[in-house]
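Q: Here's my sequence, what's the structure:
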Amino acid sequence: ADVAKHRLAVYSRDGEYLRSIALPGIALGDVTTDAQGRIYVYDQASRTLYQYDADGTRRSVLNLNPKDIDTRGYFHVVGNVVYFADAAERDVLVATVQDDGLAAASPSAARTTEGIHAESGRVYSLTLDRGQAVQVGVRDVEQATASTIEIPWPGVVSVRYAGEDETGRFYVQTERVDGGRVALEVLAFNTAGDLLSVTPLPENDYAIWTAKLVDVRGDGTIVQFVPQKAQARLNLFTN
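A: Presented below is the predicted three-dimensional model:
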């Protein structure tokens, strides 16, 4: 999302620039896509969610309740549900996706979930023991199972859920103080909760605020988009 030029920039899987989609008059706060390639854009000034086809054709518009979005976080689509992940790593149900486009969530539906939903049906919740460790809670909604993973992580100062790939591996982004500097890293786990790898991300100079520092592609590639003052950098890390 190019805030200054009011447009979306579209890139290939390898990071090659393909095209842009002009969105004049929209205060770009976040952008996400669903499994069908439809694009969702959040206007942070008007608290409005827009849905577009992959070519940029507008499909639908939905005004959101400002009370549902009281902290800065990111939007994501799981199945036919649109969630807003708040600063406390909780999912807030804000909309559903139907054949005709976006629809308001049912007033009777539970609005807030402790944790972040994934396509696998699991919900991931995170707890930080500042400077010491990270706890990852994994709850499988369909199987009605839950487990907690304890990861000693000296110096840790922040933790966020980063994503899940097509094999069910899940990823957690951490920041920790290491030798006087902040180290940004992504931890990868298998479905059993075993730590598989730690990927250091050497660039962490986010000169402009972004809703999500890193994301994870279906094949497990870690995607880092770093907005800076005069340019932006797209980094891809393979496991």
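
Q: which residue lies farthest from the center of this structure?
A: Most distant residue from the mean C-alpha position of the chain: Gly179, 28.7 Å away (C-alpha atoms, centre = their mean).

Q: Helices of this structure, start to end?
A: Using DSSP state H, the chain contains no helices.

Q: Asp68 - how many residues pack around it?
A: 16 (other C-beta atoms under 10 Å). C-betas here are computed from N, CA, C, even on glycine.

Q: Identify the nearest residue to His117 in space, disregarding sequence-adjacent positions?
A: Using C-beta to C-beta, 6 or more residues apart in numbering and skipping the chain neighbours, the partner closest in space to His117 is Val78 (4.6 Å).

Q: neighbours around the one you found, how many?
A: Using other C-beta under 10 Å, Val78 is surrounded by 17 other residues.

Q: before we move on, what about Glu119?
A: The burial count for Glu119: 16, using other C-beta under 10 Å.

Q: And for the one 4 residues further on?
A: Residues near Val123, counting by other C-beta under 10 Å, number 20.

Q: Can you verify my assumption that it contacts Thr113?
A: Yes: contact criterion C-beta atoms under 8 Å: Val123 and Thr113 qualify, at 6.3 Å.

Q: shared neighbours, the two?
A: Counting by C-beta atoms under 8 Å, 6 or more residues apart in numbering, the residues touching both Val123 and Thr113 are Asp91.

Q: bridging residues for the residue nearest to His117?
A: According to DSSP bridges, the partner residues bridging Val78 are Val81.

Q: Make 10 the starting number, not 1.
A: Sure, I'll start numbering at 10, so the last one becomes Val87.

Q: How much space separates it from Pro33?
A: Distance, Val87 to Pro33, using C-beta to C-beta, to the nearest Å: 30 Å.

Q: what's near enough to touch Phe84?
A: Phe84 neighbours (C-beta under 8 Å, 6+ apart): Asp39, Thr41, Tyr49, Tyr51, Leu58, Val91, Tyr92, Phe93, Ala94, Val103, Ala220.

Q: could those go into TSV alongside distance to Ala127, neighbour count and pLDDT?
A: TSV is the format used below for the contacts of Phe84 (distance: C-beta to C-beta, whole Å; neighbours: other C-beta atoms under 10 Å; pLDDT from 0 to 100):
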residue	distance to Ala127	neighbour count	pLDDT
Asp39	18	20	91
Thr41	14	19	94
Tyr49	17	23	96
Tyr51	20	25	94
Leu58	21	23	95
Val91	14	26	95
Tyr92	11	23	95
Phe93	15	25	94
Ala94	11	22	93
Val103	17	22	93
Ala220	18	18	82
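
Q: want to throw these into JSON lines with distance to Leu243?
A: Formatted as JSON lines, the contacts of Phe84 follow (distance: C-beta to C-beta, whole Å):
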{"residue": "Asp39", "distance to Leu243": "17"}
{"residue": "Thr41", "distance to Leu243": "17"}
{"residue": "Tyr49", "distance to Leu243": "20"}
{"residue": "Tyr51", "distance to Leu243": "21"}
{"residue": "Leu58", "distance to Leu243": "25"}
{"residue": "Val91", "distance to Leu243": "25"}
{"residue": "Tyr92", "distance to Leu243": "25"}
{"residue": "Phe93", "distance to Leu243": "24"}
{"residue": "Ala94", "distance to Leu243": "22"}
{"residue": "Val103", "distance to Leu243": "28"}
{"residue": "Ala220", "distance to Leu243": "16"}
